[in-house]
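**Student:** When you get a sec, could you give me coordinates for this:
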Amino acid sequence: MADFEMRHISKSFGNVHALEKANFSANRGDCMGLLGENGAGKSTLVKILCGVEKEDEGEVILFGKKMHRRTPREAMEEGVRVVHQELSLIPNGTVAENLFMTDRESIFGRKTLKSLTEKAAALFEKFDVTDLDANEYVSDIPLAKCQKIEILKALAFDFEILVLDEATSALTEKDVEWLFGLVRKLSKEGKIIIFISHRLQEINSICERITIFRNGTSVCEAKRDEMDTDQMVTLMLGRKMAGYYPERCDCMTEEVLLHVEDLRNNELNGISFDLHAGEILGVGGLSGQGQAALFEALYGAAPVGGKILIRGKEHKLHDTSAALKNGIALIPEDRGSQGLALPLSVKENITLASLSKIRKGPFLSATKENELVAEMIEKLQIKTDTPEVPVVTLSGGNQQKVVLAKQLLVGPDILLMYDITRGVDVGTKREMFNLMLDHCQEGKAILFFSTDTEELVHMCNSIYVMFEGKFKERLCGSAMTEENIIRVSVGEAAV
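**Tutor:** Numbers count the residues shown, from 1 in each chain. Have a look, this model is predicted:
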């Protein structure tokens, strides 16, 4: 018997079987990888473990004792901590307040802000954190550091099981190294780590064993070194997937769709480039070097000096409506807060930026709306029971597809794609890569930032690496390697 077991777990939502006789187990000191496509049942399994959902059948056993997880609070008291894929921070709270928001004494006002700050400082020292300020407001902190706060929230209290659900997806490479060091330390202390990631290189780096889920059940448990990446993908999909990356687009022309000259603001230090029809132009570099500021400026979401020419004509993009009107659309960094209206339906989200296409006089045409939504759901293979369900009920990968559908429906010539595969499964990633090629083969163009250097190397015609708010170097041809991207990212020259 393993130290921790979830046996024959089943869970249905109406007619949908999210889990069916699923099994998962781990022992003290294990870093156990949990793999599967979005919708395979991983998130439901985690929700059952942490008390958010109750299984229809099965049992959960820790150290020989059955766990009774009626509420998330009771799951925490039994030693379960989860770092969820979506952030759960309070923007108008300080870092210290967010770190200890689940502390009963803090909740009921018996902890002063000073004492919380002191506790935060002790936590930072314990886990070697030097880049966070306990008194800073979360609303002023970039996504990568917010993800780090989310991890520290879980580490702030005693636990036996730590679930990291896509916890690296928004981290910088340096912070991923920091987290992996912590995971190895915690494993040596006998903690059980459940590591969920769609980045298979991370699974290979940190996990000793893996469990693979498909269609709501466990299909394989093995030592990580017993199978290669192709075998993992085949088991996740239930079929072989020929060519994870499509062939690089060769449809780039001489026509310049976007000319950018000397863009400057508080975060940009003179950015200039041309984006051609049919081109996928990559933007690399460590997070926080100005990439987000560049994409926001091109989308009209931030003031900027310099020139922006679209098809040879200069435009002042004072707001996002001006960008959309001139054929520029953005797939943003954080789909939950920036790309979707989570309480609204899938249908409403898809058509939110294209109401002019479904307007009939002063009214909206339900028939036209349904036609367009059905077309986009089919085109992007969005998995949803009906277009009427709230978009928040979809898996992360399918939520990202809804963001794509919303922006593609606008019909932009230029797509700004900011880390679009973050937290997305391998099958969905490939679909997105093919959509990128389709877009460029129509004579349109993409500016593509990714924290995954492998994606940049395989998908882009060339890559600009950002460093301290400017393009430090352009990589083309044989110089487009992961090693060179990393070298330039830290201020060195490519080789």
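**Student:** didn't residue 303 look like it was pressed against residue 264?
**Tutor:** No. Residue 303 is beyond contact range of residue 264, at 10.3 Å (criterion: CB atoms under 8 Å). No exception for glycine: its C-beta is placed from N, CA and C like everyone else's.
**Student:** Neighbour count for these two, which is higher?
**Tutor:** Between residue 303 and residue 264, residue 264 has the larger neighbour count (other CB atoms under 10 Å), namely 15 against 11.
**Student:** any idea how far that one lies from residue 297?
**Tutor:** Going from residue 264 to residue 297 by CB to CB, to the nearest Å gives 9 Å.
**Student:** Overlap in contacts, these two.
**Tutor:** Any residue near both residue 264 and residue 297 by CB atoms under 8 Å, 6 or more residues apart in numbering counts here, and that gives residue 304.
**Student:** How many neighbouring residues does the residue nearest to residue 289 when sequence neighbours are not counted have?
**Tutor:** In space, and not counting its chain neighbours, residue 289 is closest to residue 466: 4.4 Å by CB to CB, 6 or more residues apart in numbering. Residues lying near residue 466 (other CB under 10 Å) number 26.
**Student:** try residue 490
**Tutor:** By the criterion of other CB under 10 Å, residue 490 has 12 neighbours.
**Student:** Now for it: which residues touch it?
**Tutor:** Contacts of residue 490 (CB under 8 Å, 6+ apart): residue 286.
**Student:** How about residue 90?
**Tutor:** Counted by CB under 8 Å, 6+ apart, residue 90 has contacts 97, 98, 101, 138.
**Student:** can you check residue 61 too?
**Tutor:** By CB under 8 Å, 6+ apart, the contact set of residue 61 is 1, 4, 5, 6, 7, 67.
**Student:** can you rerun that using 10 Å?
**Tutor:** 1, 2, 3, 4, 5, 6, 7, 25, 67 (CB atoms under 10 Å, 6 or more residues apart in numbering).
**Student:** Can you tell me the element it falls in?
**Tutor:** Per DSSP states H and E: residue 61 is located in strand 57-62.
**Student:** How about residue 23?
**Tutor:** Taking DSSP H and E as the definition, residue 23 sits inside strand 16-26.
**Student:** quick one: that strand to chain centroid distance?
**Tutor:** Its chain's C-alpha centre and that of strand 16-26 lie 24 Å apart, by CA atoms, centre = their mean, to the nearest Å.
**Student:** Contacts only, for the most centrally placed residue in the chain.
**Tutor:** Nearest to the geometric centre of the chain sits residue 422, at 2.8 Å (CA atoms, centre = their mean). Contacts for residue 422 were tallied using CB under 10 Å, 6+ apart; they are 85, 143, 166, 168-170, 198-199, 333-335, 396, 400, 450-452.
**Student:** ok, back up a step: for the strand holding residue 61, what is the average pLDDT?
**Tutor:** In this model, strand 57-62 has a mean pLDDT of 92.
**Student:** And for stretch 427-442?
**Tutor:** For stretch 427-442, mean pLDDT rounds to 90.
**Student:** ditto for stretch 340-355
**Tutor:** Per-residue scores along stretch 340-355 average to 91.
**Student:** repeat for stretch 403-418
**Tutor:** Here stretch 403-418 scores 94 as its mean pLDDT.
**Student:** repeat for stretch 387-396
**Tutor:** 88.
**Student:** can you map out the strands along the stretch 51-200 of the chain?
**Tutor:** Taking DSSP state E, counting those that start in this stretch to define them, one finds strands in the stretch 51-200 of the chain at 57-62, 65-66, 80-83, 161-165, 192-196.
**Student:** Could you dump the ones you listed into TSV and include distance to residue 484?
**Tutor:** Converted to TSV, these look like this (distance: least, CB to CB, whole Å):
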stretch	distance to residue 484
strand 57-62	46
strand 65-66	52
strand 80-83	32
strand 161-165	30
strand 192-196	29
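**Student:** which stretch in those strands is the model least sure about?
**Tutor:** What stands lowest among the strands of the stretch 51-200 of the chain, in mean pLDDT terms, is strand 65-66, with a mean of 88.
**Student:** How far away from the center of its chain is that strand?
**Tutor:** Counting by CA atoms, centre = their mean, strand 65-66 comes out at 34 Å from the chain centroid.
**Student:** and for it, what are the contacting residues?
**Tutor:** 5, 59, 60, 78.
**Student:** Name the SS class of the residue nearest to the centre of the chain, please.
**Tutor:** Using DSSP: H, G, I helix; E, B strand; the rest coil, the structure places residue 422 in coil.
**Student:** which phi and psi does it have?
**Tutor:** Backbone torsions of residue 422, given as degrees, to the nearest 10, read phi -60, psi 120.
**Student:** measure it to residue 159 for me?
**Tutor:** 25 Å.
**Student:** do residue 229 as well
**Tutor:** 30 Å.
**Student:** Name the residue in these two with the higher neighbour count.
**Tutor:** For the pair residue 229 and residue 159, the greater number of neighbours falls to residue 159 (18 against 13), based on other CB under 10 Å.
**Student:** Per-residue confidence, the more buried one, what does it come out as?
**Tutor:** Looking at residue 159, the pLDDT reads 93.
**Student:** what's the nearest residue to it if we skip its chain neighbours?
**Tutor:** Here the residue nearest residue 159, using CB to CB, 6+ apart, is residue 81, at 4.1 Å.
**Student:** Any idea how many residues pack against that neighbour?
**Tutor:** Other residues lying near residue 81 total 22 when counted by other CB under 10 Å.
**Student:** Just the buried subset of the contacts of residue 61, written out for ChimeraX, thanks.
**Tutor:** Selecting the buried subset of the contacts of residue 61 in ChimeraX, with 16 or more other CB atoms under 10 Å as the burial test, is done by:
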select :2,3,4,5,6,7,25,67
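**Student:** which strand residues sit across from the residue nearest to residue 289 in the sheet?
**Tutor:** Counting by DSSP bridges, residue 466 is bridged to residue 471.
**Student:** surely it meets residue 449?
**Tutor:** Yes. Here residue 466 lies in contact with residue 449, judged by CB atoms under 10 Å, at a distance of 8.6 Å.
**Student:** quick check: domain ranges of the chain?
**Tutor:** 4-237, 256-489 (automatic domain parsing).
**Student:** Quick one: closest of the ones you listed to residue 245.
**Tutor:** Closest to residue 245 of these is domain 256-489 (CB to CB; 3.9 Å).
**Student:** and the closest one, how far out from the chain's middle?
**Tutor:** In terms of CA atoms, centre = their mean, the gap separating the centre of domain 256-489 from the centre of its chain is 14 Å.
**Student:** Going forward, the N-terminal residue is numbered 27.
**Tutor:** With the count now opening at 27, the last piece we talked about shows up as domain 282-515.
**Student:** which ones among the contacts of residue 448 are found in helices?
**Tutor:** 169, 422, 426 (DSSP state H).
**Student:** ranking those by neighbours, who comes first?
**Tutor:** Most surrounded of the ones in helices among the contacts of residue 448: other CB under 10 Å gives residue 426, at 26 neighbours.
**Student:** Isn't it up against residue 357?
**Tutor:** Yes. At 8.0 Å, residue 426 counts as touching residue 357 under the criterion of CB under 10 Å.
**Student:** list the residues that contact both of those two?
**Tutor:** Contact with both residue 426 and residue 357 is made by residues 365, 446, 458, according to CB under 10 Å, 6+ apart.
**Student:** Can you add neighbour count and distance to residue 262 and give those residues back as JSON lines?
**Tutor:** Listed next are those as JSON lines, based on neighbours: other CB atoms under 10 Å; distance: CB to CB, whole Å:
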{"residue": "365", "neighbour count": "23", "distance to residue 262": "25"}
{"residue": "446", "neighbour count": "27", "distance to residue 262": "20"}
{"residue": "458", "neighbour count": "21", "distance to residue 262": "16"}
